[in-house]
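Engineer: Here you go, sequence then predicted model.
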Amino acid sequence: MKLPAIVCRGGSRTAPTIKGGGLVEAITLTINGKTISCNPELSLLDAALQNGFSIPTLCHHPDLKPFGACRICLVEEEKTGRLMAACVTPAAQNMVIRTDTPRVLSHRRNIVSLMLAAHPESCIVCDKGNRCRLRQVAANLGVGEIRLDPMPSDQMPDQLNPFIYRDLSKCILCGKCIRADHELVVTGAIDYSFRGIRAYPATIQDKPLEKTGCTFCGTCVAVCPTGALTTRSVYKGVPEREVDTVCGFCGVGCRLRLGVTGGLVIEANPSTDTKSVNGATLCVRGHFGHDYLNSSKRLTRPMIRKNGDLEPVSWEEALQETAHRLLMLKEQHGPKSIAFLGSSKCTNEENYLFQKIARSLLKTNNIDNNGYAMGRRLLNCIEKRTDGSGRFHFFAGSLAGLEKIDMVLVIGADPTHSMPVMGYYLKRGAVKGIPIIVVDPRKTELADYSTLWLPVRPGTDADLIHAIAALILEQKSHDISFVERFTEGFRGYADSLASLDLTQICKKTGIAIDSLKKAAALIGHKKIAFVVGDGILKQRSGLEAVEALLNLAMLTGSIAHKGAGFYIPAKENNMIGAWDMGTIPDALPGRRLVDDREARMEWEKAWQTELPAEPGMDLVHMIQAAEKGTLKGLFIMGENPLRSLPQPERLQAAFAKLDLIVVQDILLNETVSNAHIVLPGAAFSEKEGAFINMEGRLQNLTAAVKPPGDARPDLDILITLAQKLGANNPPATLTQVRAEIGGVLSLYAPTARSGQLVWIQKRMRGGSTIPFSPIRTCSQEQPDPAYPHLAVIGSQRYHLGSGTRTSQSARIGAFNTGCGIAVAPEDALKWDVTDGDMIQLTSVVGSLKGKVRIDKKMQPGLVWVPLGDNSNMARCLIGLTPLMDSDSPGWNTCPVLIEKAEEETI
Amino acid sequence: MKPPEIDWQKLNTLIESRKTEQWGLIPLLQDIQKAFGFIPPESVEPIADALGLFPAQVQGVITFYSGFSLAPRGKFVLRVCCGTACHVKGGRSILRLVQQDLKLKEGETSPDYQFTLESVACLGACALAPTMMVNREYFGRLSPPKVAGILNYFGKEAQEEE
Ligand code: SF4
Ligand code: SF4
Ligand code: SF4
Ligand code: FES
Ligand code: FES
């Protein structure tokens, strides 16, 4: 029996209404004397562009619905003499089109002249400069002098926020910003107000953008043809050159176009790559947060701690010392006394070489990365269930599926904040009528777009899912044929579902039976896309919930079906690549388990050395071993555990016990300050390599600038280190590293060929069935009267994770993110606090103070604490417990005591 | 006098009644405009929520039509025509007269919420130029004495109300 094979293609984004393709009969028409044939669904503009003719446009954008506002794309039909706007006129049989008759040109000139007459004189100093479409179009038409009375608009610029400069006196009313805001990012912060000469793209009550729903994604800035919307910047003018690469922040993996002047990255925009995951969109981090690259905290020289202080040294000395001390530790305390923390932000090649150094030269499997906290348990769980053979069945792949699937279940995830571009896919799907169920104790932004919001009590998700599955089974609305053909153990599963006490579950989860029934009715007979976030992956009883979700996926046949399956938000850009390259304690590159003899032998052959067979320590166990004194040395590449992990004091104490801490990073951060040796690496914009995004898309980076000062690309550092550690004949260039990876893992071989879209996923090995797992209910947490409230910790879009890099962005720093600690109005009344007051949260392990933000969407008894802000203080509340253990309280919520704090002036 | 208090309950009933209607926005705005004399800006968000629109879109529709207003208007809305025919026949002077008499500029509402003054570009009664309207009533072939009479009449009416 075989699982249905699925074809996976690159993600096409929102479909414009006029588009090519399909099986309709072609039509013929003539453009500028040339007879062409095309699809009748094409507009005249697209037909002309496809055949190599150029027509100027101002209001047209391929990703937006045609609008026909500017009329600059006028063309003439020779037979009728009619003038028509090419972007909104469908191509028709036997048309005879001219794109450049004197009449057409004269009309275009008049239109541009009218636009320029309403334009201010500040054109010369406009930051849009040569990239202004209006200027280009005017120049191409030879419109220099206008000969009309100037009638500039009196709109005042909105310049309160640090991201976007809005000078509507330069607006030509093309409506692109509005359409992008509605159609692409579905925010609705702006729309036209008034009409005729008074019309302009307005916010609600003309408030500044930050007082509207604007998320500062900057998409409107990217599409604006004029200088009306520009990025606020300390750099003036147009960049010297532009380089396309991949965003360095989250796992969506947006394609960026970096603007470079004088060896510095001065701006970021979405690339024009039509196959990119993001299209014309980005989020606030990608668009405006990359100014951290020029932070004064960038590391520029290698350093060694001498007499208590970090002192600059030569690369030779730093690397020699690193190698010497690592080898000493191995000699004296054995390989298990050393651990390696790789990075979900570094490239595949870097992670590959990093773990190879650890495994082959220092003989330790103590390797992990920050992906520890972000979904690996789910992967492990699927791995176990499918016997390692069909792990990819469950993963959905292309985000485009979210706009095509029957329905979406978002559970414990807040993608509009954590991965905004993924949020756009979900919101666009909702607008198209795809039902969304949001399971979250908080009413997230996405809940506003959902069909059903289930405010589940934290930690009881597994029971909720079981109950929904039971109801689906009761209605017989599951996928019977899938269950019969591809699963086993169904009877036992069905029996245990039937014996569930639903009343009890309603009580436990806080969800009424009616809501459960509604959910079951929405899910029944449908294929589901599951978006599973921190609320599950980092939560108490998360494992049970994951098992329950896998069962539900099998029950509904949401496996190996296009668009269905699991979408796991990868919070960091190369979380998937770091796993795939083996920067984890229990698997080699290619995700083959270390205790699998065959897999080990394959790599032993490739590396010509013996490899340790026992899985190593994960992140939390490394810290615990440091506390115990069994771990002596830690090599950290591109991670900042002292900011990102829970319980900073405990971590600090553990680090203090280590004999050696080597940190290879780009910013002077909390962890670097505690290092013995510092190796300055390169940011994503300063090196070559590849990332794999959350979809499984392999994308190559292009270096835009050189690393600052003496800093070096991380791969170079690792290559030299490998030599110093005594590797014989190690790969010496990026190409050689890639060849070595591709030699064993053919799936990753295409990394060597740049510039094309490659997917790492969907290798079906048919032949097996997947077992249902027995249902396990959630362990109930005993409420502690000393900590009667519950704090939920969550991401916010202005910071990536703990905010090591985003907090170094001058723009984000200058912005009042307005996050604060979200409190329900009822609770605010009870605690006698109001917006801006300070409250103190105390948990078993620590406490923090923060400003109150009253939020109508919060449920009484819950408060929400944002990650990233305020040196990521949220981490002080949670305990550093191993996440994989089923009795772990998790890192996502924790019981707290809330008190009004003394007024402080900050 | 203060601007009229908003009866939220009434407003919510109106919104509720059009919530599920397709293309319900304009009828709903008309209901509200009629019941309150304007569309309270605070109602834009609830309207948008109920109809599944963005608040900015609702505002866009309100500001597009001159029949809707986001500010409370006077009991009597005076629309003085400044269209071509009326312009030729001295519509501007009529407007100036009204402005002086009511001490209002175009688009303004008197502090006692009795009068709102607007100018329009043709009332569709050019044969009677120069023209103006008070609420739904037409007045044509205007002259200074006639204007004074009209203003006097409505001024009295306003006072009697109090
Ligand atoms: S602000 Fe820019 S994008 Fe928006 S309507 Fe004006 S010119 Fe077009
Ligand atoms: S920045 Fe984004 S959310 Fe804000 S107005 Fe522009 S498109 Fe809309
Ligand atoms: S942070 Fe993520 S969503 Fe934002 S631009 Fe970068 S890759 Fe895209
Ligand atoms: S590009 Fe066709 S009307 Fe603007
Ligand atoms: S111009 Fe005044 S009524 Fe027509």
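Structural biologist: Yep, that arrived. Ligands and ions are numbered 1, 2, ... in the order given.

Engineer: domain parsing for the chain?
Structural biologist: With no chain named, the answer covers chain A. A:303-371+A:574-683+A:710-733, A:396-567, A:789-900 (automatic domain parsing).

Engineer: actually it's chain B I care about, not the one you picked
Structural biologist: Taken from automatic domain parsing, chain B resolves into B:8-64, B:76-161.

Engineer: Quick check, central residue of chain B?
Structural biologist: residue B:77 (5.1 Å; CA atoms, centre = their mean).

Engineer: Which residue comes closest to it once chain neighbours are left out?
Structural biologist: residue B:116 (4.6 Å; CB to CB, 6 or more residues apart in numbering or on different chains). Every residue, glycine included, has its C-beta placed from N, CA and C.

Engineer: after the host helix or strand of that neighbour, next one along is what?
Structural biologist: Using DSSP states H and E, residue B:116 maps to strand B:115-120. Note on strand B:115-120: by DSSP H and E, the next helix or strand toward the C-terminus is strand B:132-134.

Engineer: State the distance from residue A:865 to residue A:877.
Structural biologist: 7 Å (CB to CB, to the nearest Å).

Engineer: Need the residues touching each of the two.
Structural biologist: The contact sets of residue A:865 and residue A:877 overlap at A:791, A:793, A:841, A:848 (CB atoms under 8 Å, 6 or more residues apart in numbering or on different chains).

Engineer: and the first one, what are its bridge partners?
Structural biologist: Just to be clear, that refers to residue A:791. Taking DSSP bridges, one obtains residue A:863, residue A:894 as the residues bridged to residue A:791.

Engineer: list the contacts for it?
Structural biologist: Contacts of residue A:791 (CB under 8 Å, 6+ apart): A:841, A:843, A:862-865, A:877, A:893-896.

Engineer: For ligand 1, see how far away it is.
Structural biologist: Distance, residue A:791 to ligand 1, by CB to the nearest ligand atom, to the nearest Å: 41 Å.

Engineer: for residue A:62, same thing?
Structural biologist: Applying CB to the nearest ligand atom to residue A:62 and ligand 1 gives a distance of 15 Å.

Engineer: Report the secondary structure state of that residue.
Structural biologist: coil (DSSP: H, G, I helix; E, B strand; the rest coil).

Engineer: hang on, isn't it packed against residue A:274?
Structural biologist: Yes. Counting by CB atoms under 8 Å, residue A:62 does reach residue A:274; the two are 7.3 Å apart.

Engineer: Now distance to ligand 4 and mean pLDDT too, for the domains of chain B, in CSV please.
Structural biologist: Output for the domains of chain B, formatted as CSV (distance: least, CB to the nearest ligand atom, whole Å; pLDDT from 0 to 100):
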stretch, distance to ligand 4, mean pLDDT
domain B:8-64, 20, 92
domain B:76-161, 27, 90
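
Engineer: OK, now which residue of chain B is nearest to ligand 2?
Structural biologist: Of all residues in chain B, residue B:56 sits closest to ligand 2, at 9.1 Å by CB to the nearest ligand atom.

Engineer: and that residue, what element?
Structural biologist: Counting by DSSP H and E, residue B:56 is part of helix B:55-64.

Engineer: Is the helix or strand following that helix positioned near ligand 5?
Structural biologist: On the C-terminal side of helix B:55-64, the nearest following helix or strand under DSSP H and E is strand B:76-81. Yes. Using CB under 6 Å from any ligand atom, strand B:76-81 reaches ligand 5 at residue B:81.

Engineer: For strand B:76-81, output the C-alpha coordinates as PDB.
Structural biologist: This file holds the C-alpha atoms of strand B:76-81, laid out as PDB (Å, rounded to 0.1, in the frame of the first residue of the first chain):
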ATOM      1  CA  PHE B  76     -31.200  73.400   9.200                       C
ATOM      2  CA  VAL B  77     -28.600  72.600   6.500                       C
ATOM      3  CA  LEU B  78     -28.300  75.400   4.000                       C
ATOM      4  CA  ARG B  79     -26.900  74.600   0.600                       C
ATOM      5  CA  VAL B  80     -26.200  77.600  -1.500                       C
ATOM      6  CA  CYS B  81     -25.600  76.900  -5.200                       C
END
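
Engineer: Neighbouring strands of it in the sheet, and parallel or not?
Structural biologist: By DSSP bridges, strand B:76-81 pairs with strand B:115-120 (parallel), strand B:132-134 (antiparallel).

Engineer: quick one, what contacts residue 91?
Structural biologist: No chain in the question, so chain A it is. A:27, A:29, A:38, A:40, A:42-44, A:46-47.

Engineer: switch to chain B, that's the one I care about
Structural biologist: Counted by CB under 8 Å, 6+ apart, residue B:91 has contacts B:80-83, B:129-131.

Engineer: returning to that earlier point: wondering if the helix holding residue B:56 reaches chain A at all.
Structural biologist: Yes. Interface with chain A: helix B:55-64 contributes B:55-57, B:59-60, B:63-64 (CB under 8 Å from any CB of the partner chain).

Engineer: Show me the longest helix that occurs in chain B.
Structural biologist: helix B:144-161 (DSSP state H).

Engineer: Can you mark which positions in stretch A:183-190 are buried?
Structural biologist: A:183-190 (16 or more other CB atoms under 10 Å in any protein chain shown).

Engineer: what does the stretch 351-500 of chain A have sitting close to ligand 1?
Structural biologist: Counting by CB under 6 Å from any ligand atom, the stretch 351-500 of chain A has no residue next to ligand 1.

Engineer: low-confidence ranges in the stretch 351-500 of chain A?
Structural biologist: A:375, A:377-378, A:387-393 (pLDDT under 70).

Engineer: Burial check on the closest residue to ligand 3 within chain B, number of neighbours?
Structural biologist: Relative to ligand 3, the nearest point of chain B is residue B:54 (21.6 Å; CB to the nearest ligand atom). Residues contacting residue B:54 under the criterion other CB atoms under 10 Å in any protein chain shown number 23.

Engineer: Once you drop chain neighbours, what's closest to it?
Structural biologist: Nearest to residue B:54 is residue A:188, by CB to CB, 6+ apart, at 2.6 Å.

Engineer: helix, strand or coil for that neighbour?
Structural biologist: What three-state DSSP gives for residue A:188 is coil.

Engineer: And it, what's its pLDDT?
Structural biologist: You'll see residue A:188 listed with a pLDDT of 94.

Engineer: Next one: it from ligand 4, what distance?
Structural biologist: Using CB to the nearest ligand atom, residue A:188 is found at 23 Å from ligand 4.

Engineer: Same question for residue A:670.
Structural biologist: 51 Å.

Engineer: and what of residue A:889?
Structural biologist: Counting by CB to the nearest ligand atom - residue A:889 and ligand 4 are separated by 57 Å.
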